[in-house]
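[1] Mind folding the following:
(one chain, ligands or ions: 2)
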Amino acid sequence: MLIGLSRPQRQVLFAFYTKEERPATDHDLSPHSPDDFPKPKGSRPRQNATFVSLARNSDLWEIASAIRQVEDRFNRDYGYDWVFLNDKPFDETFKKVTTSLVSGKTSYGRIPPGQWSSPEWIDPDKAQKAREQMKENNVIYGDSVTYRHMCRYESGFFFRHQLMLDYEWYWRVEPGIRLHCDLHEDPFAFMVENRKKYGFVISLYEYIETIPTLWNTVKQFMREYPQHIAEDNSMEFLSDDQGETYNKCHFWSNFEIANLDWLRSQSYLDYFNFLDQAGGFYYERWGDAPVHSIAAGLLLKKEEIHFFNDISYYHNPFTHCPTGEKNRLRLKCDCNPKDNFDWKGYSCTSRFFEMQGMEKPEGYENQLD
Ligand SMILES: Nc1nc2c(ncn2[C@@H]2O[C@H](COP(=O)(O)OP(=O)(O)O)[C@@H](O)[C@H]2O)c(=O)[nH]1
Ligand SMILES: [Mg+2]
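    Numbering: from 1, shown residues only. Ligands and ions are numbered 1, 2, ... in the order given. You can find the predicted model right below:
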């Protein structure tokens with residue numbers, strides 16, 4: 001059953017696949033039986049949620065260490081499922097090891113080739129020239145084609161993979177990340193109970209070389225689809241001049257806890273398709289982080305976006321370590337508060353607090369540099 005999706009919405013999702021690409025049979029489930037899964041802690045029911053990781057077979061040990069941390073700090077008490085996606089088939093070792101680590105059900109999906117390649121309207125010569133230029137300018141991943149496929153896939157497709165359709169919520173986990181504190185509450189339940197749609201832990205400024213025309217494209221989208229722009233949006237977080245220019249602030253999307261039905265909504269799909277047509281995933285190197293963040297900032301109400309101070313997180317090279325010693329002791333954190341990125345100059349989290357009219361947590365003044 002496709003929870004939360006009407007029949008026409010489902011048709012939109014499936015219409016994208018050609019018959020050959022349909023991923024329906026291209027996945028495996030783990031050998032667990034439902035009785036093996038731990039019951040959620042406390043009285044609250046488990047939410048309709050899953051972890052999701054895009055990974056290569058070669059990412060195995062890095063994703064294994066990430067899973068182990070997520071399990072030890074949180075999921076062993078909840079048993080949420082985990083979906084793994086890959087442009088190539090996962091090998092047996094990858095499946096065996098990850099299934100042994102995850103307390104919930106695991107499933108392994110192959111990405112349809114049409115979603116891991118540049119669309120037919122992209123001019124290959126123009127895209128290649130752009131990559132060469134970026135390589136010369138030392139732009140990170142500037143010459144990588146697969147990184148571009150990855151950014152486009154995370155921007156527009158993972159949430160409509162067959163294996164994701166039955167879920168309403170996801171938590172994205174990348175290889176090599178760390179969690180430094182226990183979680184004392186189920187973040188999915190928090191999202192549901194507080195009517196949130198998008199949650200983040202780290203925000204920062206994007207390299208402008210990767211997105212020179214993104215904001216102009218977004219402005220065109222806003223003109224063409226004014227009905228999709230939320231009234232009480234977060235433009236103030238994204239722009240310092242009421243939308244004229246982009247200040248490059250974005251949520252770091254290697255961590256996300258968010259609502260899949262929102263990404264599958266007509267407004268998000270119109271937004272993604274508009275950007276995809278413009279070609280910037282290949283002629284530039286648009287990242288899924290600014291793409292998701294601008295969408296969250298404009299299509300959602302600002303109160304639907306949440307900053308998880310309590311979830312400590314590391315992805316090379318930045319750390320979010322909860323501000324406030326009481327918090328860190330209560331949650332058994334092993335991060336050094338000095339490493340906390342939130343209040344440093346390259347973070348946008350201060351701006352987020354200001355936009356939301358939120359008071360900064362006690363002790364933030366000591367972490368400004
Ligand atoms: N299957 C697959 N996953 C990829 C590929 N490239 C990147 N990823 C995944 O995409 C995510 C982002 O890639 P990563 O190398 O961590 O990029 P970074 O965090 O921006 O430095 C991670 O979950 C990777 O495992 C690829 O070619 N194939
Ligand atoms: Mg990464």
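
[2] Near ligand 1, which residues of the stretch 101-250 of the chain are found?
    146, 150, 174, 175 (CB under 6 Å from any ligand atom). For every residue, glycine as well, the C-beta is placed using N, CA and C.

[3] make that the stretch 251-369 of the chain, sorry
    Counting by CB under 6 Å from any ligand atom, the residues of the stretch 251-369 of the chain that sit close to ligand 1 are residue 254.

[4] Nearest to ligand 1 within the stretch 251-369 of the chain, name that residue for me.
    Here the stretch 251-369 of the chain gets closest to ligand 1 at one residue, residue 254, 5.1 Å apart by CB to the nearest ligand atom.

[5] Out of the residues of the stretch 101-250 of the chain next to ligand 1, which comes closest to ligand 2?
    Nearest to ligand 2 among those, counting by CB to the ion, is residue 174 at 4.1 Å.

[6] who's in contact with the residue of the stretch 251-369 of the chain closest to ligand 1?
    Shown in contact with residue 254 (CB atoms under 8 Å, 6 or more residues apart in numbering): 172, 174, 177, 289, 315.

[7] cool, and residue 194?
    residue 306.

[8] Phi and psi next, for it.
    Residue 194 has phi and psi values of phi -110, psi 10 when expressed as degrees, to the nearest 10.

[9] got it, and residue 86?
    Phi and psi for residue 86, reported as degrees, to the nearest 10, are phi -160, psi 150.

[10] right, and it touches residue 54 too?
    Yes: Residue 86 lies in contact with residue 54 (CB atoms under 8 Å); the separation is 7.1 Å.

[11] mind checking pLDDT for residue 13?
    We have a pLDDT of 45 for residue 13.

[12] What of residue 39?
    With respect to pLDDT, residue 39 has a value of 54.

[13] May I see the PyMOL selection of the buried members of the contacts of residue 254?
    The PyMOL command for the buried members of the contacts of residue 254 (criterion: 16 or more other CB atoms under 10 Å) is given here:
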select buried, resi 172+174+177+289+315
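
[14] coming back round to it: show me which of residue 86 and residue 54 is the more surrounded one.
    Using other CB atoms under 10 Å as the criterion, residue 86 and residue 54 rank with residue 54 on top: 22 against 19.

[15] Run a quick neighbour tally on residue 240.
    There are 13 residues near residue 240, going by other CB under 10 Å.

[16] can I assume it is in contact with residue 249?
    No: counting by CB under 8 Å, residue 240 sits too far from residue 249 to count as a contact (9.4 Å).

[17] Now do the helices in the chain.
    7-15, 60-73, 92-101, 124-136, 145-156, 187-193, 214-224, 235-238, 260-263, 266-278, 280-283, 288-299, 325-330, 349-356 (DSSP state H).

[18] and the ones you listed, which is most packed in?
    helix 288-299 (a mean of 25; mean count of other CB atoms under 10 Å).

[19] now the angle from it to helix 266-278?
    Per axes from the mean of the first three to the mean of the last three CA atoms, to 10 degrees, the angle that helix 288-299 makes with helix 266-278 is 130 degrees.

[20] Only alpha carbons, please: show helix 288-299 as CSV.
    C-alpha atoms of helix 288-299 as CSV (Å, rounded to 0.1, in the frame of the first residue of the first chain):
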residue,chain,number,x,y,z
ASP,A,288,21.3,18.1,-3.4
ALA,A,289,21.9,20.1,-0.2
PRO,A,290,21.1,23.5,-1.7
VAL,A,291,18.4,22.0,-3.9
HIS,A,292,16.6,20.4,-0.8
SER,A,293,17.3,23.4,1.4
ILE,A,294,15.9,26.0,-1.0
ALA,A,295,12.8,23.7,-1.5
ALA,A,296,12.4,23.4,2.3
GLY,A,297,12.9,27.2,2.6
LEU,A,298,10.3,28.2,0.0
LEU,A,299,7.7,25.4,-0.2
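
[21] From the contact counts, what lies against it?
    Under the contact criterion of 3 or more CB pairs under 8 Å, 6 or more residues apart in numbering; DSSP states H and E, helix 288-299 touches helix 145-156, helix 214-224, helix 235-238, strand 249-251, strand 256-259, helix 266-278.

[22] Which one of the ones you listed lies nearest to residue 302?
    For residue 302, the closest of the helices and strands packed on helix 288-299 is helix 235-238, at 7.7 Å, according to CB to CB.

[23] coming back round to it: tabulate the helices of the chain in CSV, adding columns for distance to residue 112.
    Formatted as CSV, the helices of the chain follow (distance: least, CB to CB, whole Å):
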stretch, distance to residue 112
helix 7-15, 11
helix 60-73, 22
helix 92-101, 19
helix 124-136, 20
helix 145-156, 10
helix 187-193, 27
helix 214-224, 25
helix 235-238, 32
helix 260-263, 17
helix 266-278, 15
helix 280-283, 17
helix 288-299, 18
helix 325-330, 43
helix 349-356, 36
